[in-house]
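[1] Got a sequence here, can you build the structure:
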Amino acid sequence: MAQTRLSSKDITVLSYLRKDARRSLTKISKVTGIPVSTIFDLIQKNKALVITKFTALLDFGVLGFATRASITIKVDRQDRDILQEYLLRHHSINSVFKITGGYDYLVEGIFQKIKDVDEFIDGLQSRFKVIEVIAYLFNFKTLI
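    Numbers count the residues shown, from 1 in each chain. Got it, this is the predicted structure:
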């Protein structure tokens, strides 16, 4: 995959889109001093290059999901592919990363309670030849 070189205008517009993808081009133009037509052209160009999708970030705590978990998993080589498919389809898992450093996967998931994380891990260990699992749990109340 070739790297894309972004101009300072590209970076400025993309940073505003990351903060609020629904912000109007007119508002971005007023703040940045970049003409609306240029912003439109930059967005169209970057849709094909670096913007993979426009999405919404949810407040999971308000929805009753108070626990975020980062889980590292080391699994027997024979089960890697089927575990990966399972993780990619699981309703509680937001991201799956293949990693190095002694583990096979890092997954990030959203759960209602710590008990749900424990049940998820127990399910992994009963379905797959899991060698080791480490879970880091976070409450959705952030300090920022």
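[2] How about the secondary structure of the residue minimising distance to the centre of the chain?
    Taking Cα atoms, centre = their mean as the criterion, Ser95 is the residue nearest the geometric centre of the chain, at 5.3 Å. When classified by DSSP: H, G, I helix; E, B strand; the rest coil, Ser95 comes out as strand.
[3] show me what contacts the residue lying closest to it once chain neighbours are set aside?
    In space, and not counting its chain neighbours, Ser95 is closest to Glu108: 4.4 Å by Cβ to Cβ, 6 or more residues apart in numbering. In short, each C-beta sits where N, CA and C put it, glycine included. Applying Cβ atoms under 8 Å, 6 or more residues apart in numbering to Glu108 gives the contacts 68-71, 93-95.
[4] let's go with 7 Å and repeat that
    Contact analysis of Glu108 by Cβ atoms under 7 Å, 6 or more residues apart in numbering lists 70, 94-95.
[5] Do you have the helices of the protein handy? List them.
    Taking DSSP state H as the criterion, the chain carries its helices at 8-19, 25-32, 36-49, 80-89, 114-127.
[6] Please identify which of the ones you listed is closest to Asp59.
    Across the helices of the chain, Asp59 has its closest neighbour in helix 8-19 (15.9 Å, Cβ to Cβ).
[7] which of the residues in the closest one are buried?
    10, 12-14, 16-17 (16 or more other Cβ atoms under 10 Å).
[8] Equivalent analysis for stretch 88-103, please.
    Neighbour counts over stretch 88-103 (16+ other Cβ under 10 Å) mark 92-93, 96, 103 as buried.
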